[in-house]
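Engineer: I need the structure of the sequence given here:
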Amino acid sequence: MAASSHRRRPATGARGGPRRRRVPMRFLLPALLLVALVAMLMLRGYVHSEILADHRVRPPAGTGKVPEEILDGGPVIDTRGGRTTSLRVPDHRVVLTFDDGPDPTWTPKVLDVLRKHDAHAVFFVTGTMTSRHPDLVRRMVAEGHEIGLHTFNHPDLSYQSTRRIDWELSQNQLALTGAAGIRTSLFRPPYSSFADAMDNATWPVTRYIGSRGYITVLNNTDSEDWQRPGVDEIVRRATPRGGRGAIVLMHDSGGNRAQTVAALDRMLPELKDEGYAFDNLTEALGAPSAHSTVTGADLWKGRAWVFLVRASEKITDGLVVGLAVIGSLVIGRFVLMLLLSGVHSRRVRRRRFRWGPPVTEPVSVLVPAYNEAKCIENTVRSLMASEHPVEIIVVDDGSTDGTARIVEALGLPNVRVVRQLNAGKPAALNRGLANARFDIVVMMDGDTVFEPSTVRELVQPFGDRRVGAVAGNAKVGNKDSLIGAWQHIEYVMGFNLDRRMYDVLRCMPTIPGAVGAFRRSALERVGGMSDDTLAEDTDITMALHRDGWRVVYAENARAWTEAPESVQQLWSQRYRWSYGTMQAIWKHRGAVVERGPSGRFGRVGLPLVALFMVLAPLLAPLIDIFLLYGIVFGPTQKTVVAWLGVLAIQAVCAAYAFRLDRERMTHLISLPLQQLLYRQLMYVVLLQSWITALTGGRLRWQKLRRTGVVEAPGGSVPSPRTSSDRRPVA
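Structural biologist: Residues are numbered from 1 along each chain as shown. The predicted structure is shown next:
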């Protein structure tokens, strides 16, 4: 064959072109969801002036470039069409102006007082507040008040480029259009004062604002209510002198405005009795309204903007609630694990503690195996070293790699091989159970090795006739890689502390497939292993609880299992676990309303499993999303301190778990990185499980690739692996 025939040709579609690779839904949907959440969070940060906000304020500058007629003129400055004119309000006319709103607390109170005294005013609104509270702007317009722009994010415009100024104006107008369906020609720059305070830095901005079609409205009477000097002082400062007209500066946002509201309620009737009229600006000047109606596409753009802002508010408020929920769940779980695992360890480590009479009779060990050629010899030899009498039944579930032949070639006593066509792990276990000779049955995976004392420690709880099943202490044997170290932390901290807690609460949800023991009569009463779910170990454990059996944890029954060594393998395993757990919860949901032991498990065990194994991991990435947001946009220090606090709680729990399991603390060095990266993978896996469940999808068993490197501590040194035996972590 020619050399060219060995070349790999690109896949082609129906028309002969290259086939486009599709992004898997498990990546696409979580990515889209994450992008949408981040976009909503960024939008909320923008309208709350946390993103792109500029809080600098320029000190006063010289006035040499400002025309004299502006410095000596009135507070209304018109530079449209190259003009340089200013206007004053006629005598006995007062234009009340309110900056920085609308505020959901104080603006309604200000509007109530104005309506009470039949007075009009001008509200210079920011785009951020208008976007968040459009109903208040609609009320202002409906009650005859005038609206002016006060920029979107309230920056000092003398620091900004013309592009940023245009952006501030257009975004402010967009928000106003979305809120009330209008545009306005009135503008007040942030941090403005009297006309005679115009300087060389602010005058060019005023001219540019005029070139964009706006009239700049300053003030000539400042109530200084933002300082909250008291009602009497606000009234004194806001009252015009000698019957002159005035534009009065007040605020309906930016803090507690109770004094402003009280001062208005007193000042309005007093000045009306003196012959003053309270009009909006164009009424006072006898000019056409500053408002113009917006229609067509611009109106719909404004409405879409307001809708998105309000949606982002609701979504991010929901995220905050979710963050509070996950924080409470995480802390609550840690507190429960610390307290109850301590109770468990003190109870079972008492010098005179006994489950009952010592269990010495032989037990049957079932090893379901499918293509375990690399692992099965280590597994069987570790069982032959057991300190407890055992019979070993290896159920070959249609292996194609010679697994059964390897076991038979060992020629070991008390080891039997049972062959069957490939039917799945539950069927293999049931086949082994039918061939078992003894009343206590130990189940383990074909890639797991036991210590000599494991079986003996695992079966001692059966001295208590109420015990139907025992969970052993599964440990990661291949923890030399980063992903292995992360799983090691998870096994010791999460699974084993959990099992201690659930043991005390008497609602253990799962007997691990790697190391578990069952009373044969208990299994027969619940119908044996079921293939209704992909988590047959969780399914059978819940069934035993519902049948009234106790399920306990044996901390000294250690088994060493080979954890996945690549992200893809880990993904496959955890996807099956997550989906299978959800299936088991749904299958046993009826326990919630039942009586007796079943009802107790349904009302205690199922909610805890749902909260800690389904809901909490699904919400956990909120911690990282808010961490990233807080670090970038602030408050950085508080965010980092809060995250370090959560990490410290996790570290305390992890250290306690490692101490209980007598593990070296050095592996905890990777804990911070695990919390940042590993949790995201678990989140996406759980999200994919939800999608599969909600869409009615079916998930098949997936065989994990094994390398056969795990041996029990003290065993012979494993043969070194070649590069082809081990896949990269990522």
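Engineer: quick check: which ranges of the stretch 1-150 of the chain have low pLDDT?
Structural biologist: For the stretch 1-150 of the chain, the stretches flagged by pLDDT under 70 are 1-27, 30.
Engineer: at 90 instead, please
Structural biologist: Within the stretch 1-150 of the chain, the ranges that satisfy pLDDT under 90 run 1-58, 60-61, 81-83.
Engineer: ok, the stretch 351-500 of the chain next?
Structural biologist: Low-confidence segments of the stretch 351-500 of the chain, defined by pLDDT under 90: 351-353, 374-375, 424, 446-447, 476-498.
Engineer: what are the boundaries of the strands in it?
Structural biologist: Ranges of strands within the stretch 351-500 of the chain are 363-369, 390-397, 415-420, 440-443, 448-450, 467-476, based on DSSP state E, counting those that start in this stretch.
Engineer: and among those, the most buried is which?
Structural biologist: Sort the strands of the stretch 351-500 of the chain by mean neighbour count, taking mean count of other C-beta atoms under 10 Å, and strand 448-450 sits at the top with a mean of 28. To be clear about C-beta, it is placed using only N, CA and C from the backbone, and glycine gets the same treatment.
Engineer: do a quick rundown of the helices in the stretch 551-700 of the chain.
Structural biologist: With DSSP state H, counting those that start in this stretch as the criterion, the stretch 551-700 of the chain has helices at 567-587, 596-600, 606-609, 616-619, 621-633, 636-660, 671-673, 679-694.
Engineer: just to revisit the earlier point, among the strands of the stretch 351-500 of the chain, which comes closest to residue 172?
Structural biologist: strand 467-476 (57.8 Å; C-beta to C-beta).
Engineer: before we move on, the earlier item: switch the strands of the stretch 351-500 of the chain over to a markdown table; also include distance to residue 29.
Structural biologist: A markdown table is the format used below for the strands of the stretch 351-500 of the chain (distance: least, C-beta to C-beta, whole Å):
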| stretch | distance to residue 29 |
| --- | --- |
| strand 363-369 | 34 |
| strand 390-397 | 33 |
| strand 415-420 | 38 |
| strand 440-443 | 36 |
| strand 448-450 | 34 |
| strand 467-476 | 30 |
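Engineer: how about the nearest residue to residue 531, chain neighbours excluded?
Structural biologist: residue 426 (4.2 Å; C-beta to C-beta, 6 or more residues apart in numbering).
Engineer: may I have stretch 335-346 as PDB, with CA atoms only?
Structural biologist: Extracted in PDB, the C-alpha atoms of stretch 335-346 (Å, rounded to 0.1, in the frame of the first residue of the first chain):
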ATOM      1  CA  VAL A 335     -20.500  22.500  61.500                       C
ATOM      2  CA  LEU A 336     -22.500  19.300  61.300                       C
ATOM      3  CA  MET A 337     -19.600  17.300  60.000                       C
ATOM      4  CA  LEU A 338     -17.200  18.600  62.600                       C
ATOM      5  CA  LEU A 339     -19.600  18.000  65.500                       C
ATOM      6  CA  LEU A 340     -21.100  14.700  64.500                       C
ATOM      7  CA  SER A 341     -17.900  13.200  63.100                       C
ATOM      8  CA  GLY A 342     -16.300  14.000  66.500                       C
ATOM      9  CA  VAL A 343     -19.200  12.300  68.200                       C
ATOM     10  CA  HIS A 344     -18.800   9.200  65.900                       C
ATOM     11  CA  SER A 345     -15.000   8.900  66.500                       C
ATOM     12  CA  ARG A 346     -15.300   9.200  70.300                       C
END
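Engineer: now it: buried residues?
Structural biologist: Buried residues in stretch 335-346, counting neighbours by 16 or more other C-beta atoms under 10 Å, are found at 336, 337, 338, 340, 341, 344.
Engineer: likewise stretch 652-663?
Structural biologist: Neighbour-count burial for stretch 652-663 [16+ other C-beta under 10 Å]: 653, 654, 656, 657, 658, 660, 661, 663.
Engineer: who's in contact with the fifth one?
Structural biologist: This means residue 658. Contact analysis of residue 658 by C-beta atoms under 8 Å, 6 or more residues apart in numbering lists 492, 493, 664, 665, 667, 668.
Engineer: give me the buried entries from these.
Structural biologist: 492, 493, 667, 668.
Engineer: isn't the second one right up against residue 651?
Structural biologist: No - taking C-beta atoms under 8 Å as the definition, residue 493 is not a contact partner of residue 651, at 9.7 Å.
Engineer: helices of the stretch 51-200 of the chain, residue ranges please.
Structural biologist: Shown for the stretch 51-200 of the chain, the helices assigned by DSSP H, counting those that start in this stretch span residues 68-71, 107-116, 127-132, 134-142, 162-180.
Engineer: closest to residue 672 out of the ones you listed?
Structural biologist: helix 127-132 (35.5 Å).
Engineer: give me the contacts around the closest one.
Structural biologist: With C-beta under 8 Å, 6+ apart as the criterion, helix 127-132 contacts 46-49, 100-103, 137, 149, 151-154, 168, 171-172, 174-176, 178-179, 253, 305-306, 309-310, 313.
Engineer: how many other residues sit next to the spatially closest residue to residue 552 that is not a sequence neighbour?
Structural biologist: Ranked by C-beta to C-beta, 6+ apart and with sequence neighbours excluded, the top spatial neighbour of residue 552 is residue 461, at 5.0 Å. Residues within reach of residue 461, counting by other C-beta atoms under 10 Å, total 26.
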